[in-house]
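J.: got a predicted model here, sequence first, then my questions.
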Amino acid sequence: MNTLTKLGWNNDWQEKAGSSDLTPARIITEYKNLYKIQTDTSIYLAEVTGKFRHQATVREDFPAVGDWVMVSTPSGEGHAMIQRILERTSKFSRKAAGDLTNEQIVAANIDIAFLVMSLNHDFNLRRLERYLIAAWESGANPVVVLSKADLCDNSDEKAEEAASAAMGVPVLVTSAYNGTGLDELNSHIDEGMTVAVMGSSGVGKSSIINALIGENKMLVNDIREDDSKGKHTTTHRELIMLPDKGVIIDTPGMRELQLWESDSRITHGFQDVEALAEHCQFRDCQHETEPGCAIRQAIEDGELEQERYHSYVKLQKELAYIERKTDMREQLLEKKKWKKISQLQKSHYK
Ligand SMILES: Nc1nc2c(ncn2[C@@H]2O[C@H](COP(=O)(O)OP(=O)(O)OP(=O)(O)O)[C@@H](O)[C@H]2O)c(=O)[nH]1
Ligand SMILES: [Zn+2]
């Protein structure tokens, strides 16, 4: 099998690429304004073309780890040039506080998100629900991983609770210490699939990733390359081909991603708006036509930028939306998600 197929290239991507003189490649590491990409035959450093940079309006328009891109390769020295990104099938993003237009993609085109919760301190069904919602929103298929089974006496019971909250999403019980469930975890990864391992700090993500990567971790993850001065340097890769099959994305951004747990932190970024709203005449002021509205006054006076207020409103809507989504039953009535779950079940039980 060729490298591109192992990396996840398939007919769908080929179709998105169309007929083209350009070379398809996957982003395996992201640096500041520079990327490491893998084509079928080589690894290159790459940058976006001037035209690309010009047309990009938001941060989301730029490539991220996991993206499939079409590039022109250099004939001699020099960088490959990224001409376009193929439309993403999924994306995990991080929003800068108070800055909704600058969504930063931390990883793209993830097929399976292993949502890790440990069976000791971390076990919390509400958190699990938030993780599931975040995974669905991203476009990836979730698989729940209950880790550190060796530290828990009633893991079957906990697994049942988790399964009823997760409605149809596979729930695995694992232990990196005694190897429980690791084969089953592996069996969810098919050829060409891209997986990510997510969850709070300390739940055992690294241990699971190490188990998936096996003893070759140093070989696969940290490769020695000749730099321009002919010296060996060790470089880190964020998209790693698994030794058996599949690909794993493990970026610092992905690890830091606290999913929806950062809501209050985001709202924090709008303290100025919230402080103003406290001065409205009516406590339930919608800041539309009510008399004595401090927000409208501040906008009029130029103390509050219209745009900033819009961002705030947009965030409030999003938070309300997430709130509604947190009701799993309501959530599951949504057709799209039903479809995903039944697909997932079909592929899992077939
Ligand atoms: N008992 C037990 N401990 C585990 C298991 N897996 C990991 N640990 C321990 O839990 C701690 C955290 O494990 P990591 O794999 O580093 O967790 P992580 O989720 O990658 O943590 P961050 O890097 O902070 O995100 C370490 O002390 C591990 O040795 C397990 O299956 N059983
Ligand atoms: Zn008001």
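T.: Done, it's in. Numbers count the residues shown, from 1 in each chain. Ligands and ions are numbered 1, 2, ... in the order given.
J.: near ligand 1, which residues of this protein?
T.: Within the chain, the positions lying close to ligand 1 (C-beta under 6 Å from any ligand atom) are 147-148, 150-151, 175-177, 201-207, 255. No exception for glycine: its C-beta is placed from N, CA and C like everyone else's.
J.: for those, which single residue is the most surrounded?
T.: When neighbours are counted by other C-beta atoms under 10 Å, Ser147 leads the residues of the chain next to ligand 1 with 31 neighbours.
J.: for that one, which non-adjacent residue is closest in space?
T.: Gly204 (4.3 Å; C-beta to C-beta, 6 or more residues apart in numbering).
J.: of all the residues of the chain next to ligand 1, which two lie farthest apart?
T.: Asp150 and Arg255 (23.1 Å; C-beta to C-beta).
J.: returning to that earlier point: touching, the residue nearest to Ser147 and Ala149? I think so.
T.: No: with contact defined as C-beta atoms under 8 Å, Gly204 does not count as touching Ala149 (10.3 Å).
J.: next up, phi/psi of Ala108, please.
T.: phi -120, psi 160 (degrees, to the nearest 10).
J.: now for it, how many residues are close by?
T.: 26.
J.: which helix or strand contains the nearest residue to it once chain neighbours are set aside?
T.: Closest residue to Ala108 apart from its sequence neighbours, by C-beta to C-beta, 6+ apart: Gly66 at 4.0 Å. Using DSSP states H and E, Gly66 maps to neither a helix nor a strand.
J.: how close does Gly66 get to ligand 1?
T.: 19 Å (C-beta to the nearest ligand atom, to the nearest Å).
J.: three-state assignment of the nearest residue to Ile112 once chain neighbours are set aside?
T.: Leaving out its chain neighbours, the residue that sits closest to Ile112 by C-beta to C-beta, 6+ apart is Val195, at 4.5 Å. With DSSP: H, G, I helix; E, B strand; the rest coil as the basis, Val195 sits in strand.
J.: and if you look at Asp21?
T.: Going by three-state DSSP: Asp21 is coil.
J.: per-residue pLDDT, it?
T.: The per-residue pLDDT reported for Asp21 equals 94.
J.: what of Leu333?
T.: On the pLDDT scale, Leu333 gets 52.
J.: Lys245 now?
T.: Lys245 is given a pLDDT of 91.
J.: kindly report the same for Ser262.
T.: 42.
J.: helices of the stretch 101-250 of the chain, start to end?
T.: With helices called from DSSP state H, counting those that start in this stretch, the stretch 101-250 of the chain shows them at 125-138, 155-166, 182-187, 205-213, 217-221.
J.: got a markdown table for those helices, with mean pLDDT too?
T.: Listed next are the helices of the stretch 101-250 of the chain as a markdown table, based on pLDDT from 0 to 100:
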| stretch | mean pLDDT |
| --- | --- |
| helix 125-138 | 79 |
| helix 155-166 | 91 |
| helix 182-187 | 94 |
| helix 205-213 | 88 |
| helix 217-221 | 44 |
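J.: quick one, which of these is nearest to Asp40?
T.: Of the helices of the stretch 101-250 of the chain, nearest to Asp40 by C-beta to C-beta is helix 217-221, at 18.4 Å.
J.: distance of Asp301 from ligand 1?
T.: Asp301 is 46 Å from ligand 1, by C-beta to the nearest ligand atom.
J.: my bad, Phe282
T.: Phe282 is 45 Å from ligand 1, by C-beta to the nearest ligand atom.
J.: re earlier: looks like the residue nearest to Ile112 contacts Phe114 (just checking).
T.: Yes: under the criterion of C-beta under 8 Å, Val195 makes contact with Phe114 at 6.3 Å.
J.: got the phi and psi for the residue nearest to Ala108?
T.: According to degrees, to the nearest 10, Gly66 has phi 100, psi -20.
J.: for Arg127, grab the count of nearby residues.
T.: Arg127, neighbours per other C-beta under 10 Å, totals 17.
J.: that one against Val116, yeah?
T.: No: contact criterion C-beta under 8 Å: Arg127 and Val116 do not qualify, at 11.1 Å.
J.: so, low pLDDT: which residues of the stretch 51-200 of the chain?
T.: For the stretch 51-200 of the chain, the stretches flagged by pLDDT under 70 are 95-103.
J.: strands of that one, start to end?
T.: 68-72, 80-85, 91-96, 99-108, 112-118, 141-147, 171-173, 194-198 (DSSP state E, counting those that start in this stretch).
J.: centroid-nearest residue for the chain?
T.: Centroid-nearest residue in the chain, with C-alpha atoms, centre = their mean: Phe92, separated by 2.5 Å.
J.: so what's that one bridging to?
T.: When assigned by DSSP bridges, Phe92 has beta-bridge partners Ala107.
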